[in-house]
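>>> predicted model and sequence below, questions to follow.
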Amino acid sequence: MWEPLRHPMYRRLVIGRVTTFLGNAVAPVALAFAVLDLMKSVALLGLIVGARSLANVALLLLGGVLADRLPRGVILQGASLAAALSQAATAAAVLLGFASVPLLVVLSVVNGAVAAVSLPAASALTPQTVPPGLLRQANGLARVGINTAMIAGASLGGMVTALIGSGWAMLATAGVFALASFFYARVRAPEVDVDAPTRPLADLKAGWKEFASRPWVWSVVAGMLVVNAAYVGGLQVLGPSVADGTVGRLAWGFILGAQTAGALLGGLVATRWQPRRALLVGTALVAVCSVPLFALAHWPALVPLLLAMLLCGVAVEQFGVAWDVSLQENVPADRLARVYSYDAVGSFIAIPLGEIAIGPLALEFGAPATLTGAGVLIVVAIAAVVVTPGIRTLTIGRKAVP
């Protein structure tokens with residue numbers, strides 16, 4: 001399990017990634033309280049946070065192109081420095097009293113843009129830092145660290161903001177991103193096709209060809225598009241409403257935390273359990289994400305919901321590790337980041353649609369029926385994916401494609 005940490009390049013990369021996710025977990029908490037303190041408006045907070053999400057989705061494909069054409073360690077170092085500077089600017093605006101909505105929107109767009117650039121680069125760099133036989137352990141261990149950082153960061157963000165104020169908390173976050181940049185600067189992995197001329201449109205087409213030529217890739221992404229829209233819409237929109245009338249808000253916080261705890265446990269399991277048809281098994285296990293929705297609809301009590309969310313977290317990590325290893329072993333290294341970027345766009349683009357649509361559906365049909373329908377949609381989507389021949393026959397554990 002710990003073997004990948006013996007490799008210095010991997011060790012530096014994973015420390016940088018964990019540090020980055022720690023900063024990304026603290027920053028939204030500090031920003032939310034800063035906006036609410038200064039502007040007293042949830043609507044303005046939504047505008048500022050939404051600007052980051054839009055910039056992130058809009059620039060993911062460009063991030064994939066850059067990560068396949070420029071040194072990935074340099075991209076990660078530059079993105080972390082840009083994040084540190086934008087956090088420092090936000091902190092200065094809050095502490096010195098010149099924060100405004102346009103300024104915070106611009107800084108949020110910068111944060112979303114640098115996150116879009118760094119995501120494909122970090123994922124595609126992992127197979128360059130360990131031998132092919134350690135890919136599964138390397139991805140599993142990285143996800144364990146990332147999930148730990150997300151759990152600790154969310155709690156730490158609330159505590160630090162309460163103790164020293166939101167402005168100082170954001171300044172501390174800038175230091176965290178600067179630390180991540182330090183570790184990324186020391187990742188000197190073998191480069192991929194960096195001497196090839198960069199032609200954004202041609203590179204995007206080449207990435208699309210690589211993505212679309214593999215039915216097992218685009219069918220999984222299409223399935224996750226449906227799963228994410230149904231799951232996030234049901235959990236994030238209807239979940240709090242159901243919780244208000246049943247388990248209460250405090251319990252709902254523990255229920256949400258159970259999924260992250262399950263993801264941490266699932267990452268540990270994935271480093272030890274390595275079925276040959278891991279993508280088939282992992283994809284099938286995503287159907288477990290329907291269980292929390294069914295529980296919300298028909299058994300909204302604390303213990304069932306805690307168990308359902310814990311199981312969901314464990315199941316999703318089996319898919320996540322299997323998906324990373326499958327891509328890294330089967331997609332050429334010089335196009336891997338672009339495939340990751342198409343994956344991210346396809347998987348996440350329908351989430352806002354699910355969040356917007358599920359409220360009116362609940363008003364029309366009732367929350368229990370809507371949550372049940374969302375759960376059934378997840379099961380049907382996964383069933384449609386697992387019958388894809390490429391997924392049923394794909395095995396992992398072979399040498400990665402150069």
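Done, it's in. Numbers count the residues shown, from 1 in each chain.
>>> can you dump the C-alpha atoms of stretch 251-266 in PDB for me?
Output of stretch 251-266 as PDB, limited to C-alpha atoms (Å, rounded to 0.1, in the frame of the first residue of the first chain):
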ATOM      1  CA  ALA A 251     -27.600  15.400  12.100                       C
ATOM      2  CA  TRP A 252     -27.600  16.300   8.400                       C
ATOM      3  CA  GLY A 253     -24.100  17.600   8.700                       C
ATOM      4  CA  PHE A 254     -22.900  14.300  10.200                       C
ATOM      5  CA  ILE A 255     -24.800  12.500   7.400                       C
ATOM      6  CA  LEU A 256     -22.900  14.400   4.700                       C
ATOM      7  CA  GLY A 257     -19.600  13.800   6.500                       C
ATOM      8  CA  ALA A 258     -20.300  10.100   6.500                       C
ATOM      9  CA  GLN A 259     -19.900  10.000   2.700                       C
ATOM     10  CA  THR A 260     -16.400  11.600   3.000                       C
ATOM     11  CA  ALA A 261     -15.500   9.100   5.800                       C
ATOM     12  CA  GLY A 262     -16.700   6.300   3.500                       C
ATOM     13  CA  ALA A 263     -14.500   7.700   0.700                       C
ATOM     14  CA  LEU A 264     -11.500   7.600   3.000                       C
ATOM     15  CA  LEU A 265     -12.200   4.000   3.900                       C
ATOM     16  CA  GLY A 266     -12.900   3.200   0.300                       C
END
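>>> now do that stretch: distance to the chain's middle.
15 Å (Cα atoms, centre = their mean, to the nearest Å).
>>> enumerate the positions of it that are buried.
For stretch 251-266, burial by neighbour count (16 or more other Cβ atoms under 10 Å) applies to 252, 255-266. Just so you know, the C-beta spots here come from the backbone N, C-alpha and C atoms, and that holds for glycine as well.
>>> pick out whichever of the residues you listed sits closest to G140.
Closest approach to G140 among the buried residues of stretch 251-266 (Cβ to Cβ): G266, at 8.9 Å.
>>> now the closest one. Nearest residue, chain neighbours left out?
Take G266 and drop its neighbours on the chain: the residue closest to it by Cβ to Cβ, 6 or more residues apart in numbering is E317, 2.9 Å away.
>>> in the strand or helix carrying the one you found, which residues are buried?
Taking DSSP states H and E as the definition, one finds E317 inside helix 302-330. Judged by neighbour count using 16+ other Cβ under 10 Å, the buried positions of helix 302-330 are 304-330.
>>> how much space between the closest residue in space to V314 that isn't next to it in sequence and V221?
Nearest non-adjacent residue to V314, counting by Cβ to Cβ, 6+ apart: G266, 3.8 Å away. Distance, G266 to V221, using Cβ to Cβ, to the nearest Å: 21 Å.
>>> the closest residue to A82 other than its chain neighbours: what secondary structure?
Counting by Cβ to Cβ, 6+ apart, A82 lies nearest to V114, which is 4.5 Å off, once chain neighbours are set aside. The assignment at V114 comes out as helix when based on DSSP: H, G, I helix; E, B strand; the rest coil.
>>> right, and V114 touches L76 too?
No. Using Cβ atoms under 8 Å, V114 is not in contact with L76, being 9.9 Å away.
>>> can you list residues touching both of these two?
Counting by Cβ atoms under 8 Å, 6 or more residues apart in numbering, no residue touches both V114 and L76.
>>> show me the strands in the stretch 101-250 of the chain, by range?
For the stretch 101-250 of the chain, no strands are identified by DSSP state E, counting those that start in this stretch.
>>> where does it dip in pLDDT?
When residues are selected by pLDDT under 70, those of the stretch 101-250 of the chain lie in 154-155, 158, 189-200, 249.
>>> what's the top helix by length along the chain packed up against?
Assignment by DSSP state H gives helix 8-39 as the longest helix of the chain. Judged by 3 or more Cβ pairs under 8 Å, 6 or more residues apart in numbering; DSSP states H and E, the packing partners of helix 8-39 are helix 42-69, helix 72-96, helix 101-125, helix 135-164, helix 166-185.
>>> helices and strands around the third one, which ones?
Going back to what we said before, that points to helix 101-125. Using 3+ Cβ pairs under 8 Å, 6+ apart, helix 101-125 sits against helix 8-39, helix 42-69, helix 72-96, helix 336-348.
>>> dump those into a markdown table; add mean neighbour count, mean pLDDT and distance to Y184 as well.
Formatted as a markdown table, those follow (neighbours: other Cβ atoms under 10 Å; pLDDT from 0 to 100; distance: least, Cβ to Cβ, whole Å):
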| stretch | mean neighbour count | mean pLDDT | distance to Y184 |
| --- | --- | --- | --- |
| helix 8-39 | 22 | 82 | 4 |
| helix 42-69 | 20 | 71 | 13 |
| helix 72-96 | 22 | 88 | 4 |
| helix 336-348 | 24 | 80 | 15 |
